[in-house]
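Undergrad: Below are the sequence and a predicted model for it; my questions follow.
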Amino acid sequence: MVIKEIEHFNIEQICDSGQCFRMERKDSGLVSVIAGERYLEVRQDGKTCSFKCTEEDFESFWKVYFDLEEDYGTFIEKISPKDSYLMRAAEIGSGIRILHQDLWEMIVSFLISQQNNIVRIRRCIKNICEKYGEEQQDEQGNIFYSFPKPEAFVGLEEDDLKVCNLGYRSKYVVRTANAIVSGEVSLDAVKTMSYRKAREELLKLFGVGEKVADCICLFALHHLEAFPVDTHIQQALKKHYKRGFPKTRYKGIQGVMQQYIFYYELFYKE
DNA sequence: CGCCAGGGGAGCT
DNA sequence: AGCTCCCCTGGC
């Protein structure tokens, strides 16, 4: 067990922020996370966080995964005091962090996200993990499923993932898996690219549009300048930023601001 | 039963 | 850049 006092970190807010579909609220204050071959439970009690893992695991993996080396206080300080809307949104969602998630997993997750709601996205991901992923058991006896690799989808018919509740998005995932395995698009290459180049490369994938590409850039590649515009953000921009979002002011960290707005709109819209 | 919305995208012009 | 059409589920 690793216990830390952490500023600007709230596991429940991160869970609700919808950047990871493999986080689950257990009891109040307790959240489980699956990342790669790892399972973790985090308990939040005010600023005190208990990570149910070894010190080595925390230092070598989870600290980076949760972006704990970044100082989000400096991000929040950059918000214009005149912008009462963003000030409020950042205050409400001040515990959000941009996770460092797996690239392939984010591609699939956000392919599934289109015209879909968060509850059902979670179920879709769970379904494909249980059908095509591998059962894992860690040292503490937790049983869970890993996220299936691209190879696991090769050879499928385009509609085969409909049984996992993906609907018409099934063919997006099957075709994209083939594009990765065939080498048409190289994930390793994408990881080394700038935001612009990575976005451009991701747009080649069938089913990946601008919004999805930006989500992948933000949540997997940690390009904090990516600013995904979905229906909620679009409405918020129309309402609060009639002259456009001040991207120059928040240059390089627009993605963090996007998350504050998104979370606020979803959970605190009056 | 119909209607519609849920973190869009493809394929046009 | 803007438009139409596409498409699957679940809730009402």
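TA: Okay, I see it.

Undergrad: isn't residue A:216 right up against residue A:110?
TA: Yes: if you go by Cβ atoms under 8 Å, residue A:216 and residue A:110 touch, sitting 5.9 Å apart. Placement of C-beta: from N, CA and C, glycine included.

Undergrad: Can you work out which residues contact both of the two?
TA: Common contacts of residue A:216 and residue A:110 (Cβ atoms under 8 Å, 6 or more residues apart in numbering): residue A:208.

Undergrad: Show me how chain A divides into domains.
TA: For chain A, automatic domain parsing gives the domain ranges A:1-100+A:231-270, A:103-219.

Undergrad: give the contact list for the closest residue to residue A:34 other than its chain neighbours.
TA: Sequence neighbours aside, residue A:22 is the residue nearest to residue A:34 in space, at 4.4 Å (criterion: Cβ to Cβ, 6 or more residues apart in numbering). By Cβ under 8 Å, 6+ apart, the residues touching residue A:22 are A:33-35, A:105, A:122, A:125, A:129, A:147.

Undergrad: what separates residue A:22 from residue A:171, distance-wise?
TA: The gap separating residue A:22 from residue A:171 is 23 Å, by Cβ to Cβ, to the nearest Å.

Undergrad: The closest residue to DNA strand B within the stretch 1-150 of chain A - how many residues pack around it?
TA: Nearest residue of the stretch 1-150 of chain A to DNA strand B: residue A:18, at 2.6 Å (Cβ to the nearest atom of the strand). Residue A:18 has 21 neighbouring residues, counting by other Cβ atoms under 10 Å.

Undergrad: now do residue A:250
TA: 21.

Undergrad: how much space between the closest residue to it other than its chain neighbours and residue A:122?
TA: Closest residue to residue A:250 apart from its sequence neighbours, by Cβ to Cβ, 6+ apart: residue A:257 at 5.2 Å. Per Cβ to Cβ, residue A:257 is found 25 Å from residue A:122.

Undergrad: cool, and residue A:48?
TA: 27 Å.

Undergrad: try residue A:183
TA: 31 Å.

Undergrad: cool, and residue A:194?
TA: Separation of residue A:194 from residue A:122 (Cβ to Cβ) stands at 31 Å.

Undergrad: Counting neighbours around each, name which of the two comes out higher.
TA: Using other Cβ under 10 Å, the more surrounded residue of residue A:194 and residue A:122 is residue A:122, with 18 against 11.

Undergrad: Report the contact partners of that one.
TA: Residue A:122 is in contact with A:21-22, A:24, counting by Cβ under 8 Å, 6+ apart.

Undergrad: Likewise for residue A:259?
TA: So residue A:259 contacts A:17, A:19, A:93, A:96, A:98 (Cβ under 8 Å, 6+ apart).

Undergrad: if we go to 7 Å?
TA: With contact taken as Cβ atoms under 7 Å, 6 or more residues apart in numbering, residue A:259 is in contact with A:17, A:93, A:96, A:98.

Undergrad: biggest separation within the residues you listed, which pair?
TA: Maximum pairwise distance in the contacts of residue A:259, criterion Cβ to Cβ, is 11.8 Å, between A:93 and A:98.

Undergrad: Good, we can wrap up now.
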